[in-house]
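Student: following is a predicted model, sequence given first.
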Amino acid sequence: MSGHTHGLLVQASSAAARFDALMLTLTLITGAMALVLAALIFFFSIRYRKGSKADRSNPPSGAKGLEAAWTLAPLVIFIAIFAWAAVDYMRLYDPPAGAMPVFVVAKQWMWKVEYPNGRREIDELHVPLGKPVKLVMTSQDVIHSFFVPAFRVKQDVVPGRYTSLWFKATRAGTYHLFCAEYCGTGHSAMRGRVIVMPADAFAHWLQQGNTGSGIAAQGFALFRKYGCSGCHSAGSTVHAPDLTGLLGRTVHLQDGRTLVADEGYIRDSIMLPRKDVVAGYAPIMPSYQGQISEEDVLALIEYIRQTGADHDDRQPR
């Protein structure tokens, strides 16, 4: 793997070429229109200047065809560009099945990264080449923005909620990571690196630095520590929703709404348990607002994610 930090123009993810094509198309269309309008302004300024011999008799009173053309043509172009951009945008937030989750907590002024096996790093993100990676991100203080120019991806990281982003790196190397949202006096120093490694080298690196338990195992311990198992375990006498395989499941709520359980829903259920009460259950769960850190919430989420893979109550790795 090269230790060189690539410039901003390199295309290093599966999305980069699509976004570059979209931006190039927008630039060419707007540039061409600007040139046409500038040429017309120049032509009419000369042709119809004061004192010119241009025939000004019988000026046209209307031009419906021309008016329709300059209304409909931009509309069609706008709709086409909007549809193109919307498709790429939806792809960016629809990770493929099996994408590797990585947890990111932003704080003034650093990026804290944790992998499912428990390995952690600050201001660096190692990812495997050619494998989809899903980032689950939150902020500990103010709004930050995770921006990797070479991947053409950027996502705001907001306190009190989870945002996610996925990408597939297509070129090994080291790439700039920036915070693209002004977040205080140290904003300009909130920089990092994304290091793309061949899959085998990444697997070796990931295991080499793992000196503790995995994040799901940490979540299992927290699940017991905070008393979650007393209500949500299969043998509990308290009537509480079953959390096994919750992520990705459709949840029916007391007010008639339905939603698909994601990381944000689980966080809200811990911090704001009366926000989305599950149908058939009393709103008796206490709030853990101010009692549990964002890192612990992420560990609980990963534990719940693994229950969907294990389908039993075995202690996760």
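Tutor: Received, thanks.
Student: where is the longest helix in this protein?
Tutor: Determined from DSSP state H, the single longest helix within the chain is helix 16-47.
Student: show me what that one is packed against.
Tutor: If you count contacts as 3 or more C-beta pairs under 8 Å, 6 or more residues apart in numbering; DSSP states H and E, helix 16-47 packs onto helix 64-92. Glycine gets a C-beta too; all of them are placed from N, C-alpha and C.
Student: avg pLDDT for the helix it packs on?
Tutor: The average pLDDT for helix 64-92 rounds to 90.
Student: thinking again about what came up before, any buried residues in the longest helix of the chain, and which?
Tutor: Going by neighbour count (16 or more other C-beta atoms under 10 Å), the buried part of helix 16-47 is 16, 18-19, 22.
Student: quick one, strands of the chain?
Tutor: 100-107, 110-114, 120-122, 124-128, 132-139, 144-148, 153-157, 163-168, 173-179, 191-197, 250-252, 258-260 (DSSP state E).
Student: domain ranges for the protein?
Tutor: 100-208, 215-310 (automatic domain parsing).
Student: pLDDT weak spots in the protein?
Tutor: For the chain, the stretches with pLDDT under 70 are 1-8, 209-213, 308-317.
Student: in it, which residue is closest to the centre?
Tutor: Leu165 (2.5 Å; C-alpha atoms, centre = their mean).
Student: can you redo the buried residues of helix 16-47 as CSV with distance to His239?
Tutor: Converted to CSV, those look like this (distance: C-beta to C-beta, whole Å):
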residue, distance to His239
Ala16, 50
Arg18, 48
Phe19, 49
Leu22, 51
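Student: one step back: just the domains of the chain: most buried one?
Tutor: domain 100-208 (a mean of 19; mean count of other C-beta atoms under 10 Å).
Student: measure it end to end?
Tutor: 18 Å (C-alpha to C-alpha, to the nearest Å).
Student: now do that domain: distance to the chain's middle.
Tutor: The chain centre lies 11 Å from the centre of domain 100-208; the measure is C-alpha atoms, centre = their mean, to the nearest Å.
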